[in-house]
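Student: next come a sequence and a model predicted from it.
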Amino acid sequence: MTDARPQLFTAPTFSRTVAFVAAGLLIFTGFVFQLGEFICGQLSDTNFWLLHMIAVNVWNMLVLRLSTPGVAEMLRFWPLLLVGFGFAILLALQPAKE
């Protein structure tokens, strides 16, 4: 039996839309953070000594807590991981070709 009432949205369409928006946000934030990394990487740390001091202390606490000093190199390009996850979501949303 079918429902004759008008539907505002269907569940598959809504979930695909939410996934598409989430992928777009991941890609956008990844690009913004990576661009910020490229731009701010050229600035001197002495100009922002207070923020640098806080960031270094927070990072040292995380490294001591995780006991993995190699995480710094792995997380250097984490915005690109966001972009990659966004593109993976978009690829998963492609309709199946028959």
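Tutor: Perfect, thanks for sending it.

Student: let's verify A96: helix, strand, or coil?
Tutor: Per DSSP: H, G, I helix; E, B strand; the rest coil, the local secondary structure of A96 is coil.

Student: give me the neighbour count for it.
Tutor: For A96, the neighbour count with other Cβ atoms under 10 Å is 4. In short, each C-beta sits where N, CA and C put it, glycine included.

Student: phi, psi of it?
Tutor: A96 adopts backbone torsions of phi -70, psi 130, taken as degrees, to the nearest 10.

Student: which strands or helices does the helix or strand hosting L80 pack on?
Tutor: Using DSSP states H and E, L80 falls within helix 78-93. Applying 3 or more Cβ pairs under 8 Å, 6 or more residues apart in numbering; DSSP states H and E, one finds that helix 78-93 makes contact with helix 11-40.

Student: got the buried residues for the helix it packs on?
Tutor: Within helix 11-40, the residues that count as buried by 16 or more other Cβ atoms under 10 Å are A23, L26, I27, G30, F33, Q34.

Student: residue contacts, V21?
Tutor: Counting by Cβ atoms under 8 Å, 6 or more residues apart in numbering, V21 touches no other residue.

Student: just to check, P79 is in contact with E37?
Tutor: Yes. P79 is within contact range of E37, at 6.6 Å (criterion: Cβ atoms under 8 Å).

Student: what average pLDDT does stretch 83-97 get?
Tutor: In this model, stretch 83-97 carries a mean pLDDT of 85.

Student: mind listing residues that contact that stretch?
Tutor: Here stretch 83-97 makes contact (Cβ under 8 Å, 6+ apart) with R16, A19, F20, A22, A23, G24, L25, L26, I27, G30, F31, Q34.

Student: switch the cut-off to 6 Å
Tutor: Residues from elsewhere that reach stretch 83-97 (Cβ atoms under 6 Å, 6 or more residues apart in numbering): R16, A19, A23, L26, I27, G30.
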